[in-house]
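>>> need a structure here:
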Amino acid sequence: MACPDATALPQPGSRPGGLLDPTGPSHRWWVAVTVTVSGFLVTMSQTAIQVALPQIMTVFGLNLTQAQWIMTAYAIAGAVLVPAVGWLGNWLGNRTLYLLGLSIFVISSALCAVSWSGSSLITVRILQGLGGGPIPPMTMMFLSNVFPPEQRGMAMGVFGMGQTAGPILGTVIGGYLTEYLSWRMVFFLNVVPGMLCILLVLLVLPNAREEVQHALDLAGLLSMGTFLVSFLVALTQGQREGWDTPYIQRLLVVAGVALATFIACELLSEHPLVDLRVYGNVTFAAVSVLILFFFMAFTSSTFVQVILMQQLLDYTPVQAGLVLLPGSLTLSLSFPLAGRVADRFDRRIIMLCALGIFALSSYFFTFLSLDWPLHWIVWLVVLRFSCGGFVYAPMTATALSQLPPEKVRMGSGLVNLMQNGLGNTLGLAMVTTVLQRRLTYHSSILDQQQAFAALGWEEILTPVRALVQQAGAVGQVAETQVQMLVQHHLEQQATVAAYQDCFMAVTLLCLVSMPIVLLLRQSRL
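Numbers count the residues shown, from 1 in each chain. Here you go, the predicted structure:
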């Protein structure tokens, strides 16, 4: 993300603040509303599409592998473009880039709504990802630029609130539109609000452009794109294809070679696509690792919660959503408070306390059992989610406060890449691998324990057989039901133990990340 040290200057003949005076005291809040609503629209759309996915599979006759590419294509396309945000902003201007990305996102949303096959939908989703990918880092950059350093925590709180409110409403709105209208309306949902956001961008955002222009680092872009595509595809496909298959191994080898090439190109280039020297700042480098670890833990634990509630505790999707709703609302509402607190107190202490509570609440889930009452799960979810804002707002504010103004756009892109491109994907890959392998392990352990148990099978089956016979089953039907009940019980026990291990992995990840906080500089401003 090449970003020169030149100061951003208005384009000749342009009005720096659109129709609003950029020197006015309310201008920063107009900018905050404009970019937060745009970022909210992008995140809301992504969650709403997840709810509509089963209906899309039915309409187009897609299997699970094909349907997964509807989500994966967007994520990979957005991640590939993020490293080039700095150069694109330097070449086009920040407002022009934001406007272009938002326009592509809105137009491709309409095209998704009229797609005629699964392959056409996946193709247009790639275009939608290219448009939506730059929105979060550019949103972060605009907020960081218009708010002074002593209010950066509040700015990141506003950003986080918009990013988390989107998924909350996306689940509700997407479910309603899919059930009562059509999955196509989920995509049309972006069109009218998106056009209003485009109008706000034209009126509000500063039309600034840097005076010094640099050529595109093509070698860096190609090597970075190759690394991200091959690495993210390997992560998303690894558990299903098998991590030891030649296909996944080749992807990982290509990713490794591309990453080494990218690092060499960027260090040798006079004007690199990504200025890796920003990682020479210990605080920025440490925060980047923290963001990676935290979003691995947060994404994986949330995914596990949703799956265990539906597959293990037999909750319906609506019930699972209602269980997560109080926690999601708490997360969204905590961001403004977290931002204010981050501006007033030592951010390291805030992050350590929040990470500690997050680790403790995840550890409580390692005692999960099938007898847990609903309110226990709800309160533990609320406890875990309430920590999110108090980790994220201080982290991002600390990271961007370490960079000079001309590097903030690049830093925003790198933070977003660690969060959405790598953190979320690595987290899902980690938890699905742990879940599958520990399920196999615990199943084999239960089989061994049963083989060496003091009680024989007949002694175990006798009380179960009595219960089945009391229910009215007799003969071979009763015997089949007895075998199924015992097998189901053993599978449940193995599954519970596997989920417990997943939460233990999340807990350990949080504990490992806590010492990294100590590497940060004193961040109270």
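>>> May I ask you to confirm that Arg28 is in contact with Val146?
Yes. If you go by C-beta atoms under 8 Å, Arg28 and Val146 touch, sitting 4.1 Å apart. Any C-beta I mention is one placed from the backbone N, CA and C, and that applies to glycine too.
>>> Give me the distance between Leu331 and Thr366.
22 Å (C-beta to C-beta, to the nearest Å).
>>> wait, Ala285
Between Ala285 and Thr366 the computed distance is 31 Å (C-beta to C-beta).
>>> just Pro206 next, same as before
Pro206 is 50 Å from Thr366, by C-beta to C-beta.
>>> Of those two, which one has the most company?
Here Pro206 and Thr366 are compared on neighbour count by other C-beta atoms under 10 Å; more neighbours surround Pro206, at 22 against 16.
>>> three-state assignment of that one?
The assignment at Pro206 comes out as coil when based on DSSP: H, G, I helix; E, B strand; the rest coil.
>>> 99 is where my numbering starts, stick with that
Noted, 99 is the first residue going forward, which turns the last one into Pro304.
>>> Show the backbone phi and psi for it.
Its backbone dihedrals place Pro304 at phi -60, psi 140, with angles given as degrees, to the nearest 10.
>>> shouldn't it be in contact with Asn192?
Yes. Contact status for Pro304 versus Asn192: in contact at 7.5 Å, counting by C-beta under 8 Å.
>>> All the strands of this protein, in order from the start?
Ranges of strands in the chain, per DSSP state E, are 106-108, 306-308.
>>> Would you single out the least confident of these?
When the strands of the chain are compared on average pLDDT, strand 106-108 comes out lowest at a mean of 41.
>>> can you pull out the helices in the stretch 499-623 of the chain?
Assigned by DSSP state H, counting those that start in this stretch, the stretch 499-623 of the chain shows helices spanning 506-514, 522-549, 555-568, 573-615.
>>> Likewise for the stretch 249-398 of the chain?
Counting by DSSP H, counting those that start in this stretch, residue ranges of the helices within the stretch 249-398 of the chain are 250-278, 282-286, 289-302, 316-339, 344-366, 380-409.
>>> Check which helices and strands the last one sits against.
The helices and strands touching helix 380-409, judged by 3 or more C-beta pairs under 8 Å, 6 or more residues apart in numbering; DSSP states H and E, are helix 415-442, helix 445-462, helix 472-484, helix 486-499, helix 506-514, helix 522-549, helix 573-615.
>>> What are the buried residues along that helix?
Buried residues in helix 380-409, counted by 16 or more other C-beta atoms under 10 Å: 381-386, 388-407.
>>> Could I get the average pLDDT for that helix?
What helix 380-409 shows for mean pLDDT is 82.
>>> repeat for the second one
Across helix 282-286, the average pLDDT comes to 86.
>>> Can you tell me what sits against it?
Contact partners of helix 282-286, identified using C-beta atoms under 8 Å, 6 or more residues apart in numbering, comprise 143, 146-147, 149-150, 207-208, 210-212, 272, 275-276.
>>> Isn't Phe382 up against Thr494?
No. In this structure, Phe382 is not within contact of Thr494 by C-beta under 8 Å, at 10.9 Å.
>>> need the contact list for Leu607.
Residues in contact with Leu607 (C-beta under 8 Å, 6+ apart) are 391, 394-395.
>>> how far away is it from Gln261?
Distance of Leu607 to Gln261, computed by C-beta to C-beta: 21 Å.
>>> Gly486 too?
According to C-beta to C-beta, Gly486 and Gln261 sit 10 Å apart.
>>> Check the contact lists of those two and give me the overlap.
Between them, Gly486 and Gln261 share no contacting residue, judged by C-beta under 8 Å, 6+ apart.
>>> What sits closest to Val385 if chain neighbours are left out?
Among residues not flanking Val385 along the chain, Ala497 sits closest, at 4.0 Å (C-beta to C-beta, 6 or more residues apart in numbering).
>>> quick one: the one you found and Ser386 touch, right?
Yes. Taking contacts as C-beta under 8 Å, Ala497 lies within contact range of Ser386: 6.9 Å.
>>> any residues in contact with both of those two?
Once C-beta under 8 Å, 6+ apart is applied, the residues that Ala497 and Ser386 both contact turn out to be Val513.
>>> Quick one: closest of the helices of the stretch 249-398 of the chain to Gly229.
Using C-beta to C-beta as the measure, helix 289-302 is the one of the helices of the stretch 249-398 of the chain that comes nearest Gly229, at 9.9 Å.
>>> re the thing from before, make CSV out of the contacts of Leu607 and add distance to Leu197.
Converted to CSV, those look like this (distance: C-beta to C-beta, whole Å):
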residue, distance to Leu197
Phe391, 34
Met394, 33
Ala395, 35
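>>> Pick out whichever of these sits closest to Gly521.
Met394 (5.3 Å).
>>> ok, that closest one - contacts?
When contacts are counted by C-beta under 8 Å, 6+ apart, Met394 is found next to 521-522, 524-525, 528, 607.
>>> Next one: it from Thr523, what distance?
Here Met394 is placed at a distance of 9 Å from Thr523 (C-beta to C-beta).
>>> Ok, Val376 next?
The spacing between Val376 and Thr523, counted by C-beta to C-beta, is 22 Å.
>>> Of these two, which one has the most company?
Thr523 (24 against 20).
>>> Show the model's pLDDT score for the more buried one.
As predicted, Thr523 sits at a pLDDT of 75.
>>> Quick check: the gap between it and Val529.
Separation of Thr523 from Val529 (C-beta to C-beta) stands at 11 Å.
>>> show me where pLDDT drops low in the stretch 299-448 of the chain?
Within the stretch 299-448 of the chain, the segments meeting pLDDT under 70 span 306-313, 408-409, 414-419.
>>> again, only using 90
Residues of the stretch 299-448 of the chain that meet the criterion pLDDT under 90 lie in 299-347, 349, 353, 357, 360-390, 392-448.
>>> What segments of the stretch 99-248 of the chain are helices?
Remark: helices of the stretch 99-248 of the chain, listed N- to C-terminal, are 125-158, 162-179, 183-190, 192-211, 216-230, 233-244; assignment by DSSP H, counting those that start in this stretch.
>>> Mind putting the ones you listed into CSV with mean pLDDT, distance to Gly323 and mean neighbour count?
Supplementary listing: the helices of the stretch 99-248 of the chain in CSV, determined by pLDDT from 0 to 100; distance: least, C-beta to C-beta, whole Å; neighbours: other C-beta atoms under 10 Å:
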stretch, mean pLDDT, distance to Gly323, mean neighbour count
helix 125-158, 79, 21, 21
helix 162-179, 74, 5, 19
helix 183-190, 75, 13, 24
helix 192-211, 89, 17, 21
helix 216-230, 87, 12, 21
helix 233-244, 78, 16, 26
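>>> Good, wrapping up.
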